[in-house]
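Asker: What follows is a protein structure lacking sequence information:
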């Protein structure tokens with residue numbers, strides 16, 4: 001993982017999601033992540049698909065949206081660095097993403113697969 005990944009997680013320490021973790025635990029969380037970049041307009045979660053990744057937005061902007069039954073795209077929430085996406089990946093039962101998410105600017109994320117984030121949560 002790049003130094004940027006370390007910095008991103010360190011700056012996220014103030015998030016409630018990481019509240020109460022000691023520095024060694026934060027390091028384990030960081031090491032389990034992969035840094036991914038998405039270009040503007042890239043969709044990286046799709047409603048109805050398996051929720052198999054948890055994302056921490058570290059740079060750029062993103063938004064949640066929903067596609068209605070008639071095919072209309074409804075914008076829901078704008079996301080800024082420090083936001084967590086795909087929390088359904090932590091649930092004990094496999095779940096689906098309820099909304100889609102796309103980068104609105106070139107963006108970077110720390111990403112954990114479902115198995116890794118569930119293992120970390122269990123510890």
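Answerer: Sure, I can see it. Keep in mind that this is a model prediction, so the values were computed, not measured.
Asker: for the residue nearest in space to the middle of the chain, what are its contacts?
Answerer: The residue lying closest to the centre of the chain (C-alpha atoms, centre = their mean) is residue 55, at 1.3 Å. Shown in contact with residue 55 (C-beta atoms under 8 Å, 6 or more residues apart in numbering): 44-45, 84-86, 101, 109-111. (C-beta placed from N, C-alpha, C; glycine too.)
Asker: Over to residue 101?
Answerer: Each residue near residue 101 by C-beta under 8 Å, 6+ apart is listed here: 43-45, 55, 62-65, 79, 85-86.
Asker: now the contacts of residue 55 as TSV including distance to residue 75 and pLDDT?
Answerer: Shown next, in TSV, are the contacts of residue 55 (distance: C-beta to C-beta, whole Å; pLDDT from 0 to 100):
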residue	distance to residue 75	pLDDT
44	16	96
45	15	96
84	19	92
85	15	93
86	18	94
101	11	97
109	20	94
110	24	92
111	23	96
